[in-house]
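*Asks:* Here is a sequence together with a model predicted from it:
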Amino acid sequence: MATKVEIAKTTGFRVRAGQREFERGVEAHRISGLLARRQYGKTTIASRIALKKMMKIAGHTVIFGSVKVDLGREIVRKEADALQKAFQGLAATAQSGGGLLQLADSSNGKKLTSLSADDFAELYEATRLEFRLYHSNSIYSRTKVVALTPDAVGETGDVILDEVGRARRFRDVLEAMLPIIAANPTFRAIYTTTPPPDDAHPSFDLLAPPIGAELSINPKGNWYKSELGVHVLRITAEDAYADGIPLYDDDTGAAISPEESRRRSHDKDAWDRNYACKFVIGGTSACGLIQLDTAQRRGIGECQFFNVGSDLEFDIAMRWLLDKLTAGPVGLGWDLATTTKATSNPSSFSVFERRGVERILRAVINWKLSDPDIAMERARRIITTVAARSEGGPARKLSIDSTNERYFAQRARKELGALVPVELVVASESVELPGSEPMNRKQHLGGLLVSELDDNHLLLPPERYLREDWRLVKKEKGQFVCEPDADGKHGDTFDGAKLANWSLNSTSFAYAPVEREETERGMIL
């Protein structure tokens, strides 16, 4: 086997201090992350790690998931060129260690020789590229290059996920990829990236350092353990500069320090992400991470999230709610959902209580049911539990999202109207406010809740599920949008809370006419 010095001489590649440190860390941890400045050589070191494993174990497979093949032709060709150069160096390294590294078309197993840059890029773009290290005429290890999408499953072995901060549907990718390494305790998963541009991206929580972590300048970078338990090596521009790796002026190409590079940058947030490796708060999420963290810290002991799977769990939730409610006004919100499978959206029922300027989300109760009668009974129990508190009396109003489940919502209003005023909210209905452009009720109610969050008025249940669910809600061109998560989360707790907040603060009548047999209390708010 070739020594490190021999490998460096053969490939013409100087192994940087941080790259060597990451190679060491990968040996120590089954799941690890490399958070490094742009153009540090993340893909190159990931390729070297893959080759090392291929050289070590005959017949081994490495899955190399690349986001670049999912981002468009120009970036694909640029990355293919970099990977082709890396392959040439790795081939020399393999030869010096007594092996033979060749390219193959993964669709038919055909060995490939004398490829042009365009041929290489075409294979890379079609995710048909495979690196094979032959230990003998019939036995080889391989690295299979695939698009970093949820569909890239079906193999077992080591998993290397490159540039995960730019991967679309990364939560789904993780769900698909992590079982790959579960088959064998010697298999490993590696994430490489710079921080994502959107703080709602799943890689933000996965790889961000703990709050208050002190990381000094170090040519090797600094290891830390993220809140989700991933060991991450961070290598900033300052760390790389201490290892003799400068940045370069955009115009003259002269070497400059990181401080000077940042001073000249027009987009300081982008520089901080790409070169200081900072997880910058911002992006398109409607609910800020800092504001949510503050609200959830304030909610410890005051608020609770219940994911109800049985009648016993629901009974526990009702006892907790009755014990915690005080004499403040209460608003109720119910985001309806009909469950047909495990990943269907859950129904979410929220109980807001007002205490001065504070809005306390006392309880968020989620369930997945296919029986509407049970759902109706649970709603009735929540309403009567609020009414049974020692002070304060019944809730002001129950607001129900009737956009999609209109018939069930009308039934709920009819059956529950004797217990509490019920308002049916259709998200698409327009709202005209003085001095504002026309908007729909989804925008209006969502904006009211986000305003309370931004004004630091909210106390929220300290539950990761709720934080992730609220962070799924995006603000795009003035609209609130939400893409479903892999486990069915769809901003349902956000929607239930905005309805409860509306019930707590509004004085409006029900939108649709109520049935004549309903009580006066069910008609008047």
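*Replies:* Great, that's in hand. Keep in mind the model is a prediction, meaning the values are calculated, not measured. Numbering: from 1, shown residues only.
*Asks:* gap between Gly109 and Arg142?
*Replies:* Separation of Gly109 from Arg142 (Cβ to Cβ, to the nearest Å) stands at 10 Å. All C-beta spots, glycine's among them, are computed from the backbone N, C-alpha and C.
*Asks:* and the two? which has more neighbours close in?
*Replies:* Between Gly109 and Arg142, counting by other Cβ atoms under 10 Å, Arg142 is the more crowded of the two (21 against 9).
*Asks:* and the residue lying closest to that one once chain neighbours are set aside, what helix or strand is that in?
*Replies:* Leaving aside its chain neighbours, Arg142 sits nearest to Arg132 (4.8 Å; criterion: Cβ to Cβ, 6 or more residues apart in numbering). In the assignment (DSSP states H and E), Arg132 maps to strand 129-134.
*Asks:* same deal with Trp271?
*Replies:* Trp271 belongs to helix 268-274, assigned by DSSP H and E.
*Asks:* in that helix, what counts as buried?
*Replies:* Neighbour counts using 16 or more other Cβ atoms under 10 Å place 271-274 of helix 268-274 among the buried residues.
*Asks:* do the same with stretch 59-67
*Replies:* 60-67.
*Asks:* Could you do stretch 291-309 as well?
*Replies:* Residues of stretch 291-309 classed as buried by neighbour count (16+ other Cβ under 10 Å): 291-292, 294-296, 298-299, 302-306, 308.
*Asks:* go on, stretch 484-502?
*Replies:* Quick answer for stretch 484-502 (16+ other Cβ under 10 Å): 485, 488-502.
*Asks:* what is the rounded mean pLDDT of the helix holding Trp271?
*Replies:* Per-residue pLDDT over helix 268-274 has a mean of 85.
*Asks:* Packing partners of that helix?
*Replies:* helix 258-264 (3 or more Cβ pairs under 8 Å, 6 or more residues apart in numbering; DSSP states H and E).
*Asks:* which residues touch the helix it packs on?
*Replies:* By Cβ atoms under 8 Å, 6 or more residues apart in numbering, the residues outside helix 258-264 that reach it are 236-238, 241, 247, 249-250, 256, 268, 271-272, 275-276.
*Asks:* If we only consider the buried residues of stretch 59-67, which is nearest to Val173?
*Replies:* Gly65 (7.4 Å; Cβ to Cβ).
*Asks:* in terms of contact, does the closest one touch Val159 like I think?
*Replies:* Yes: the pair Gly65 / Val159 is scored as a contact, 6.9 Å apart, by Cβ atoms under 8 Å.
*Asks:* any common contacting residues for the two?
*Replies:* By Cβ under 8 Å, 6+ apart, the residues touching both Gly65 and Val159 are Met177.
*Asks:* before we move on, back to that, out of the buried residues of stretch 291-309, name the ones that lie in helices.
*Replies:* If you go by DSSP state H, these have 291-292, 294-296, 298 in helices.
*Asks:* ok, Asp455 - how many residues close by?
*Replies:* 11.
*Asks:* Against Asp335, how distant is it?
*Replies:* Counting by Cβ to Cβ, the gap from Asp455 to Asp335 is 23 Å.
*Asks:* Mind checking the pLDDT average for stretch 31-41?
*Replies:* Stretch 31-41 comes out at a mean pLDDT of 93.
*Asks:* what's the answer for stretch 52-62, then?
*Replies:* Stretch 52-62 shows a mean pLDDT of 84.
*Asks:* just curious, which of the contacts of helix 258-264 is nearest to Val431?
*Replies:* Looking across the contacts of helix 258-264 and measuring by Cβ to Cβ, the closest to Val431 is Lys268, at 37.5 Å.
*Asks:* residues near the nearest residue to the closest one once chain neighbours are set aside, how many?
*Replies:* Residue nearest to Lys268 in three dimensions, not counting chain neighbours: Arg262, with 6.8 Å by Cβ to Cβ, 6+ apart. Residues contacting Arg262 under the criterion other Cβ under 10 Å number 16.
*Asks:* No further questions, thank you.
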